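>>> Here's a sequence, model it:
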Amino acid sequence: MDTSQNTALTRALTELPGPLPARGVIHIAIRHADRFTVVGNDLAQHPGLSTTAVGFAVRIQSLPQGTEVGIKALAARFPEGEKLIASALRELETHGYLQRARTRLPNGRIVTRTVFCNQPTELLRTRVAAAPPQQVSAARQFRAPVPASVPAPAPAPAPARAPGPGPALAQAPARGPAPAPAPKPEHHAPEAPAPEAPAPQASAPEAPVPEASTPQDHAPFVPLVPPPTVPKPPRPPLPQPRELTPELERISTALLSDLHHHSPEFTLSEEHVHKLVPGVAAWLERDTHPDAIRHALTTNAPEPVKYPYQFVKHRLTVLLPPPPHRTTVTPFQTCDGCERAFRAPTPGHCRDCRTGHAHEVQQAAA
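Numbering: from 1, shown residues only. The predicted model follows:
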């Protein structure tokens, strides 16, 4: 059967404007109306994160607040295993995207609180430079209503307009009715350049604005990026024998070189074989049979074994058997005096002969 084609994509491709690239990816971008998550290129194209870590970061970012994002919770939700998920979360912790901290609830229960940041690099940038424009705009908004309120009680510019309305204004208070001169100042209010006079008065509120911003400009900046994870302790070294004899070296080399016959994934280079010989010799020195060593190295191995040298080195170090418990047995000796058998580390006389000989020496001395 022929492979099924997606005709919708083919039809959408013909509707794209402009010349299309001859090769490479062609994007058909459709704007989302709902149920979408914004992901930055600093995360999607991060050079230090693996594709698995980037994928889990996007999944965690798309989840709502309060969703469980532990290793077991993610393993139950997604097809990846716990080891792969734990490795991805450690990568996100190393680069500051994730922080896991253990906290105690009021009821005494200890829980793990997870904090995710989509742009950890932005938390390190100094945000003091963005404060002055906001404060200046606030000062402008604060100064704007001041000129409008100040010229209201100042009727001085009105009589200085023209000599004609002067007597009319003088007669108005004598007649008593005040509504007549009221519309004139309202009609000429926009013509009077009143903002020039209150300018020195508006300078008063400008003083406290820089004073309030001064301590903020010089305040110490505290980075909010989560601290990196605790460094892992160094790996234990490869076990070494007390004495690497030629016989131990020969058996160890033969065992390591023969591993690929039992499991093709354990194909080691000549250099790796020479590096692992001391570890196998340490096992042989502890009375471990070569078949037992081969079984311990190749049984229950992951599929596939990407790095056989690292895997064999890890198992030689972690699964090292304890040294054998050997009981020292005192050998039998034949007494030089009575020829009886007795246990002693060196030849000589038995206890009865030593006691009788000591008694004879005392009598001779007396």
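>>> In the stretch 251-366 of the chain, mark out all the strands, start to finish.
332-334, 341-343 (DSSP state E, counting those that start in this stretch).
>>> Mind putting those into JSON lines with mean pLDDT, distance to residue 266 and mean neighbour count?
(Glycine included, C-beta is placed from N, CA and C.) Converted to JSON lines, the strands of the stretch 251-366 of the chain look like this (pLDDT from 0 to 100; distance: least, CB to CB, whole Å; neighbours: other CB atoms under 10 Å):
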{"stretch": "strand 332-334", "mean pLDDT": "89", "distance to residue 266": "49", "mean neighbour count": "13"}
{"stretch": "strand 341-343", "mean pLDDT": "88", "distance to residue 266": "49", "mean neighbour count": "12"}
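>>> Could you save the ones you listed as JSON lines and add columns showing distance to residue 63?
Below are these laid out as JSON lines (distance: least, CB to CB, whole Å):
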{"stretch": "strand 332-334", "distance to residue 63": "78"}
{"stretch": "strand 341-343", "distance to residue 63": "75"}
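>>> quick one: low-confidence parts of the stretch 101-250 of the chain?
126-230 (pLDDT under 70).
>>> Let's see that with 90 instead.
Residues of the stretch 101-250 of the chain that meet the criterion pLDDT under 90 lie in 101-235.
>>> burial measure for residue 321, as a count.
Counted with other CB atoms under 10 Å, residues neighbouring residue 321 total 13.
>>> Same question for residue 32.
Neighbour count for residue 32, taken as other CB under 10 Å: 9.
>>> part of a strand, is it?
No. When the secondary structure is assigned by DSSP: H, G, I helix; E, B strand; the rest coil, residue 32 falls in coil instead of a strand.
>>> Can you give me every residue that contacts residue 347?
333, 334, 336 (CB atoms under 8 Å, 6 or more residues apart in numbering).
>>> change it to 7 Å
Each residue near residue 347 by CB atoms under 7 Å, 6 or more residues apart in numbering is listed here: residue 333.
>>> do the same with residue 315
So residue 315 contacts 296, 297 (CB under 7 Å, 6+ apart).
>>> Just the pLDDT for it.
For residue 315, the model assigns a pLDDT of 94.
>>> Give me the residues contacting stretch 30-37.
61, 62.
>>> and the end-to-end length of it?
14 Å (CA to CA, to the nearest Å).
>>> Just the buried positions in stretch 334-341, please.
Buried residues in stretch 334-341, defined by neighbour count with 16 or more other CB atoms under 10 Å: residue 335.
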